[in-house]
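> any chance you could fold what I've pasted below:
(one chain, ligands or ions: 1)
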Amino acid sequence: MNEIKIFSPATIANISCGFDILGCCLNDIGDEMVVRKSNQPGITISKIEGIDLPLEAKNNVAGAAGFALLNSLREPIHFGFDIEIYKNIKPGSGIGSSAASAAGAVFALNALLNYPFTENELIQFAREGERLACGSPIADNVAPALLGGFTLVHSTDPLQIIQLPSIDKLYVSIIHPQIEVKTSDARAILPQQVALKDAIKQWGNVGSLVHALHTNDIDLFGQSLHDYIVEPYRSQLIPSFEEVKKASLNAGALGCGISGSGPSLFAFSKSESIAKKVSQVMEQTYLKTQIPFFIYNSTINQQGIKILNQK
Ligand code: HSE
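Numbering: from 1, shown residues only. Okay, here's the model as predicted:
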């Protein structure tokens, strides 16, 4: 194989209660990438469409993740890789823009090298893209982008990712206000210590959410979507956060929270018709602000990155 075209999906990290450990993968929202073998050793990025991002590979998250993979090759190779990135997910959106680029790059390189690395190793490499993007090698977006479905970061050193089952009918509404919240800034405002009473509530919710996924208990899933630790700080960065959340819950959402580090907000619903209503009230609420926004509707992507074409 000399060339591969992939769809690299958007993801929701944290899922309210699981800061830096929980994530899920979305259908329909994502970037496309074309990666081909080239005569020039290393990695070049010849095209980025949709957004202005660094073309110099070492300064681009796709390049950083790709170099991490190349540096771990057991055998030398006598060719390089050229990457084209077609971005639909804006950086600073909270739906895993850097993760899509980083995960997509390592997935494509691994395929073009005839699959020398395990999924766990690919997640490790993709984390280097996240390190470049926000200063922390977070795994809660790259893991679901690569594996699909819901994922849990059990530990980062050594890296241990657990794939969780999904609930059958789960619909996601997302509002993406067109303001940029840098993940590094949204992390910098968080406290270094948390109150024990909040931690107790939070780990009760993480355990319940995992149990709900295993038992297909959609109501318990919804009851677990609370964040006592991070949301109180980050919600201040998102205009009309409380209004959108209240309107979504009133429209029947199971829960509503900040997607990753924001500013996007997600809401889960148990039917497509409720999810449509939730999207409508999100839209109505945000129309009152002067801030442009996008609305997305999705379901859970069980597969993760998809190959669109290879030759
Ligand atoms: N867990 C990370 C954070 C995800 O919330 O900072 C960033 O998308």
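
> so who does Ala126 touch?
Applying CB atoms under 8 Å, 6 or more residues apart in numbering, we find Ala126 in contact with Ala65, Ala99, Ala102, Ala103, Ala105, Val106, Ala139, Val142, Ala145, Leu146. Where you see a C-beta, it was placed from the backbone N, CA and C, and this is true even at glycine.

> any weak-confidence spans in the stretch 1-150 of the chain?
Within the stretch 1-150 of the chain, no stretch has pLDDT under 70.

> that older thread, and the contacts of Ala126, which two are the farthest apart?
Pairwise distances across the contacts of Ala126 peak at 15.6 Å for Ala105 and Ala139 (criterion: CB to CB).

> the two: who's more crowded?
Ala105 (34 against 26; other CB atoms under 10 Å).

> quick check, the more buried one in contact with Ala65.
Yes: contact criterion CB atoms under 8 Å: Ala105 and Ala65 qualify, at 5.0 Å.

> any shared contact partners between those two?
Going by CB under 8 Å, 6+ apart, residues that sit against Ala105 and also against Ala65 are Ala126, Gly129.

> re earlier: TSV for the contacts of Ala126, including secondary structure and distance to Leu249?
Formatted as TSV, the contacts of Ala126 follow (DSSP: H, G, I helix; E, B strand; the rest coil; distance: CB to CB, whole Å):
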residue	secondary structure	distance to Leu249
Ala65	helix	37
Ala99	helix	28
Ala102	helix	33
Ala103	helix	32
Ala105	helix	38
Val106	helix	38
Ala139	coil	30
Val142	helix	30
Ala145	helix	28
Leu146	helix	32
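
> any chance of these in CSV with distance to the ligand as columns?
Below are the contacts of Ala126 laid out as CSV (distance: CB to the nearest ligand atom, whole Å):
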residue, distance to the ligand
Ala65, 15
Ala99, 7
Ala102, 12
Ala103, 13
Ala105, 17
Val106, 18
Ala139, 9
Val142, 10
Ala145, 11
Leu146, 15
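
> which of those residues has the most neighbours?
Neighbour max across those (other CB under 10 Å) = Ala103, 37 neighbours.

> and that one, what does it touch?
Contacts of Ala103 by CB under 8 Å, 6+ apart are Ser8, Ala65, Leu122, Ile123, Ala126, Gly129, Asn141, Val142, Ala145, Leu146, Gly304, Ile305.

> nearest residue to it other than its sequence neighbours?
Ala145 (3.9 Å; CB to CB, 6 or more residues apart in numbering).

> what's the spacing between the nearest residue to Ala126 once chain neighbours are set aside and Phe107?
Counting by CB to CB, 6+ apart, Ala126 lies nearest to Val142, which is 3.8 Å off, once chain neighbours are set aside. Relative to Phe107, Val142 is positioned 10 Å away (CB to CB, to the nearest Å).

> which element is the closest residue to the ligand within the chain on?
The minimum distance from the chain to the ligand, using CB to the nearest ligand atom, falls at Gly260 (2.8 Å). For Gly260, there is no enclosing helix or strand under DSSP states H and E.

> can I assume it is in contact with Ala10?
No: Gly260 lies out of contact with Ala10 (CB under 8 Å); the separation is 9.7 Å.

> between the two, which contacts overlap?
Ile95, Gly96.

> ok, these two, which is more surrounded?
Neighbour count, other CB under 10 Å: between Gly260 and Ala10, Ala10 has more, with 32 against 29.

> quick check: Gln110 touching Asn120?
Just to correct that, residue 110 is Asn rather than Gln. No: Asn110 is beyond contact range of Asn120, at 12.0 Å (criterion: CB under 8 Å).

> between the two, which has more neighbouring residues?
Neighbour totals were compared for Asn110 and Asn120, and Asn110 leads with 20 against 14 (other CB under 10 Å).

> how about the secondary structure of the more buried one?
Using DSSP: H, G, I helix; E, B strand; the rest coil, the secondary structure recorded for Asn110 is helix.

> and the stretch 51-200 of the chain, which of its residues are near the ligand?
Ile138, Asp140, Asn141, Thr183, Ala186, Arg187 (CB under 6 Å from any ligand atom).
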